[in-house]
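[1] have a look at this prediction, sequence included:
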Amino acid sequence: MSNEFQGEIKPYYDDSKPWWPEPKRPQEGSPNVVYIVLDDTGYSHLGCYGSDISTPNIDKLANGGLRYTNFHTTAICSPTRTCLLTGRNHHSAGMGFLADIDNGFPNSRGRVSKETALLSEILQEEGYSTLAVGKWHLLPSEERSLAGPFDHWPLSRGFERYYGFLGGETNQWNPDLVSGNEYIDQPKQPEEGYHLTEDLTDKAIQYVREQKSAAPDKPFFLYLAYGATHAPHHAPKEFIDKYAGKYDQGWDVAREQWFGRQKKLGIIPQNAQLPPRNPGVKPWHSLTPTERQLFARMQEVFAGFLDHTDYHIGRFLDALREIGQFDNTIIVLVSDNGASPEGQQIGTWNEYKNFNGEAEQAEQEIVHIDKLGTPEAYNHYPIGWAQVGNTPLKWYKTFVHAGGVKDPFIISYPDKIKDAGGIRSQYHHAIDVVPTILELAEIQAPAELKGIQQKSIEGVSLAYSFEQPSEPSRRTTQYYEMLGNRAIYHEGWKAVTYHIPGTSFDDDKWELYHVDKDFSENNDLAQSEPEKLKELIQLWWKEAELYGVLPIDGRGILGKFSGGGQRPKAVTYKYYPGTEGYHHYVLFNPRLTHSIEADLVRTSADQEGAILASGGRFGGFAFYVQNNRLVYHYNFIGEQHYVIVSAEELPVGPVTVRFDYSAETQTGKLYVDQLFAGEGDILKVAYITGPGVFSVGKSAQTPVSDNYESPFIFSGELKEVRVTIPQYIRDQEAEVAKELAVD
């Protein structure tokens, strides 16, 4: 819309010529655009890609559109989402790894560069309504508090409405919810039927209906990014129970069955080979009866989770049909990376155990088997099932072998795609989606947006493949880099290497595959084709230079957090009651020596509640008043509890209470009006507090202790809470765990 007045202004209205600016409007008939982004869903997990998991609504979408069998991502979430939304490679856009990490170089700032505008920003300028629902994970963790800055929150990156969660994962039963720029409580509790997937779907339907009611001729862009199927694997019992006994035969049999089904569907070539089990995956027949029982149930839960997600995707698609907006909507459905190995060999009832190096054996985990999938668990399956989810590909999420980067991709656009149910095998990448949308909407990528010069789009539209199923791929080259793992695809060949953190890149062992003939990267030709391998490695370095991949960060996870040091002065944070949304990564680390002090006023002895809490059922701490006594409760990964209670009752009236923790002695002490009131040992403190928000004056989402129910709002008057760290020392182990927890 031009701001330059084009009328005529005279002293009086009757002599003047009025003029009204014409707002930017898309062309008549411009399509709506919907991204449906799944999380940690492997190549074969969907029914229409070979699994035996029921996904009828996604299958129906595929049967009315196109399935791509050679579509690729970056191997991990934030970078893939960056590619999907910008049309540029993730290093070019500043998202070399997770959004939680800024490595000090332009290729990994933890936020998307404003020189690489998001599709939402482009379409908003073209007159589209822009809506985002679900997972974001495109800004650093330290920017997720209500202090901002907000310039990389959804509403500042081209989206006009937002509802979802900002981090890499969240509890499906008790999520960290944000609406617009505000943290909010969930609308109802799990016992009332709440589940995040249903909530996100409801909000997406609401946003679209409201948009079309207000502006029926205005197209919309909806970014619908589910938390599913990332851990924790949560689903209503009726969905999980559908799969009871289905996986008792184990992962070896399931992998063979899915492989056979993929060939029947035409999702993989008839000459494709099924590689041997990944290292670390044991033969099913070698497992103990306890392991088989536990692992089968974990897969049943995952299947129920995906089935439940499909059900709600179906609700959303039906809502589009009901308002007559399905045929003129470009719908893209994709996963952000391959299936996840983060459950490790045993899986876990509480993923935060693995993040804290406390993985146990099946004999200990089995006691929680009935909790799996419920609000009482934060579960993840073992790597054997992740391998099945990536059939027939090797390795997993974070690897740049096919198991990490080759993912399901479905596109539906009934007004333009006539080969309903068609399968396309052209090689494409996540950066190719934005140019596809722009071509179909007949929009040019801007050279400048909001006064910022833009980098060129690096993707290649795949719209040509709609009507030309046999045309050679227009993407002939694509590099990969993730955690030092590297690969390069070029004209049907792929060189790939797994990098061992802390070792020299010169020692990396490169593999070579002729992927046009070897779909599953099973036959390594590095020894027989040394010149081809050398050519591809040289090409990788050329592409790395071109797209800002350098420097490669080979220091490993711990090395990414090097630097810092000590801050000799005491650090004190002040918090006030009613404050919502302190993200649980934006606060002091309870592993460090610290003090929590609060000023309270109680008018009666029965006034109680939480003063300060972080985390919840699966790990965290709470400082609270209960039964007229002061209590500090530390919950170590949901399995060990340290409780310190004041010896004397609290006085009524104004009072100052304090908890001191010494990391050196591993003890906690309570004080009431500066007088000693109790002490106890706290022998294990987690590297990373369990999932849940940091809350003042209540214990939000889930309780740290079974002795109270959330939100346990303090019923007296809470004036101020002060947290003091006498000397800041960087806790690198905790930061490493933090990184692992947010991908």
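    Sure thing, it's come through.
[2] all the helices of the stretch 51-200 of the chain, residue numbers only.
    Assigned by DSSP state H, counting those that start in this stretch, the stretch 51-200 of the chain shows helices spanning 56-64, 77-86, 119-125, 196-214.
[3] which secondary structure elements does the last one contact?
    Helix 196-214 is packed against strand 129-135, strand 161-165, strand 220-225, helix 289-322, with contacts defined by 3 or more C-beta pairs under 8 Å, 6 or more residues apart in numbering; DSSP states H and E. Using the backbone N, CA and C atoms, a C-beta is placed for each residue, glycine as well.
[4] as CSV, the ones you listed with mean pLDDT, distance to K532 and mean neighbour count would be great.
    Below are the helices and strands packed on helix 196-214 laid out as CSV (pLDDT from 0 to 100; distance: least, C-beta to C-beta, whole Å; neighbours: other C-beta atoms under 10 Å):
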stretch, mean pLDDT, distance to K532, mean neighbour count
strand 129-135, 98, 39, 26
strand 161-165, 98, 45, 23
strand 220-225, 98, 39, 25
helix 289-322, 98, 39, 22
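[5] so how far is G110 from the one residue sitting closest to the centre of the chain?
    Nearest to the mean C-alpha position of the chain, by C-alpha atoms, centre = their mean, lies G168 at 3.4 Å. Remark: distance between G168 and G110 (C-beta to C-beta, to the nearest Å) = 12 Å.
[6] list residues touching both of the two?
    Common contact partners of G168 and G110 (C-beta atoms under 8 Å, 6 or more residues apart in numbering): S78, L98, A99, D100.
[7] most neighbours among the residues you listed, which one?
    Neighbour count (other C-beta atoms under 10 Å) singles out A99 as the most crowded of the shared contacts of G168 and G110, with 31 neighbours.
[8] contacting residues for that residue?
    Contacts for A99 were tallied using C-beta under 8 Å, 6+ apart; they are S78, G110, R111, H137, L138, L139, P140, S141, G168, V742.
[9] try 10 Å
    Residues near A99 by C-beta atoms under 10 Å, 6 or more residues apart in numbering: 77-79, 81-82, 108-112, 136-141, 143-144, 152, 166-168, 742-743.
[10] what's the nearest residue to it if we skip its chain neighbours?
    Leaving out its chain neighbours, the residue that sits closest to A99 by C-beta to C-beta, 6 or more residues apart in numbering is S78, at 4.3 Å.
[11] quick revisit: just the closest of the shared contacts of G168 and G110 to G324, please.
    Ranked by distance to G324 (C-beta to C-beta), the shared contacts of G168 and G110 are led by S78 at 35.5 Å.
[12] next one: that closest one from F519, what distance?
    Going from S78 to F519 by C-beta to C-beta gives 28 Å.
[13] can you check G403 too?
    As for G403, its distance to F519 is 12 Å (criterion: C-beta to C-beta).
[14] now for the two: what residues contact both?
    With contacts defined as C-beta under 10 Å, 6+ apart, the residues shared by G403 and F519 are P392, L393.
[15] those two: which is more packed in?
    For G403 versus F519, the count of surrounding residues by other C-beta under 10 Å is larger for G403: 31 against 22.
[16] quick check: that one is in a helix.
    Yes: assessed by DSSP: H, G, I helix; E, B strand; the rest coil, G403 belongs to a helix.
[17] let me know whether it touches A75 as I believe.
    Yes: between G403 and A75 a contact is recorded at 9.0 Å, counting by C-beta atoms under 10 Å.
[18] next, count neighbours for E365.
    The number of residues packed near E365 is 24, by other C-beta under 10 Å.
[19] still on that earlier bit, overlap in contacts, G403 and A75.
    N337, G338, W395, Y396, K397.
[20] I'd like those written out as a markdown table, with distance to G7, secondary structure and pLDDT added.
    Putting the shared contacts of G403 and A75 into a markdown table (distance: C-beta to C-beta, whole Å; DSSP: H, G, I helix; E, B strand; the rest coil; pLDDT from 0 to 100) gives the following:
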| residue | distance to G7 | secondary structure | pLDDT |
| --- | --- | --- | --- |
| N337 | 55 | coil | 98 |
| G338 | 59 | coil | 98 |
| W395 | 65 | coil | 98 |
| Y396 | 63 | coil | 98 |
| K397 | 59 | coil | 97 |
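[21] show me where the stretch 451-600 of the chain has its helices.
    Using DSSP H, counting those that start in this stretch, helices in the stretch 451-600 of the chain cover 530-546, 556-559.
[22] same check on the stretch 251-400 of the chain?
    Ranges of helices within the stretch 251-400 of the chain are 251-265, 289-322, 351-355, 362-365, 383-389, based on DSSP H, counting those that start in this stretch.
[23] so for I713, which of these sits nearest?
    Among the helices of the stretch 251-400 of the chain, helix 351-355 comes nearest to I713, with 25.2 Å by C-beta to C-beta.
[24] got the buried residues for the closest one?
    Buried positions in helix 351-355, judged by neighbour count with 16 or more other C-beta atoms under 10 Å: E351, Y352, K353, N354, F355.
[25] who touches Q273 in this structure?
    Contact partners of Q273, counting by C-beta under 10 Å, 6+ apart, are F259, P392, D518, F519, S520, E521, N522, N523.
[26] so K203 sits right up against F165, yeah?
    No: using C-beta under 10 Å, K203 makes no contact with F165, being 12.0 Å away.
[27] joint contacts of those two?
    With C-beta under 10 Å, 6+ apart, K203 and F165 have common neighbours G134.
[28] how about the secondary structure of Q426?
    coil.
[29] that one and G42, how far apart?
    In terms of C-beta to C-beta, Q426 sits 21 Å off from G42.
[30] please identify which of these two sits among more neighbours.
    Each of Q426 and G42 has its neighbours counted (other C-beta under 10 Å); G42 has more, 30 against 21.
[31] per-residue pLDDT, the more buried one?
    Looking at G42, its pLDDT is 98.
[32] check the secondary structure at it for me.
    At G42 the chain is in coil, as set by three-state DSSP.
[33] is it in contact with G338, as I believe?
    Yes: at 5.1 Å, G42 and G338 qualify as touching, with contact defined as C-beta under 10 Å.
[34] which neighbours do those two have in common?
    Listed as contacting both G42 and G338 by C-beta under 10 Å, 6+ apart are A386, Q387, G389, N390, L393, Y396, K397, G403, G404, K406, D407.
[35] let's have the residues you listed in CSV, adding distance to A663.
    Conversion of those to CSV gives the following (distance: C-beta to C-beta, whole Å):
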residue, distance to A663
A386, 36
Q387, 40
G389, 40
N390, 41
L393, 44
Y396, 35
K397, 34
G403, 40
G404, 37
K406, 45
D407, 43
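[36] of these, closest to Y671?
    Of all those, Y671 sits closest to K397, with 46.7 Å by C-beta to C-beta.
[37] contacts only, for that closest one.
    39-40, 42, 73, 75-77, 230, 335-342, 386, 389-390, 403-405, 482, 743.
[38] which of the residues you listed count as buried?
    Judged by 16+ other C-beta under 10 Å, buried ones among the contacts of K397: 39-40, 42, 73, 75-77, 230, 335-342, 386, 389-390, 403-405, 482, 743.
[39] save the helices of the stretch 51-200 of the chain as JSON lines, and put in distance to Q444 and mean pLDDT too.
    Converted to JSON lines, the helices of the stretch 51-200 of the chain look like this (distance: least, C-beta to C-beta, whole Å; pLDDT from 0 to 100):
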{"stretch": "helix 56-64", "distance to Q444": "29", "mean pLDDT": "98"}
{"stretch": "helix 77-86", "distance to Q444": "16", "mean pLDDT": "98"}
{"stretch": "helix 119-125", "distance to Q444": "9", "mean pLDDT": "98"}
{"stretch": "helix 196-214", "distance to Q444": "24", "mean pLDDT": "98"}
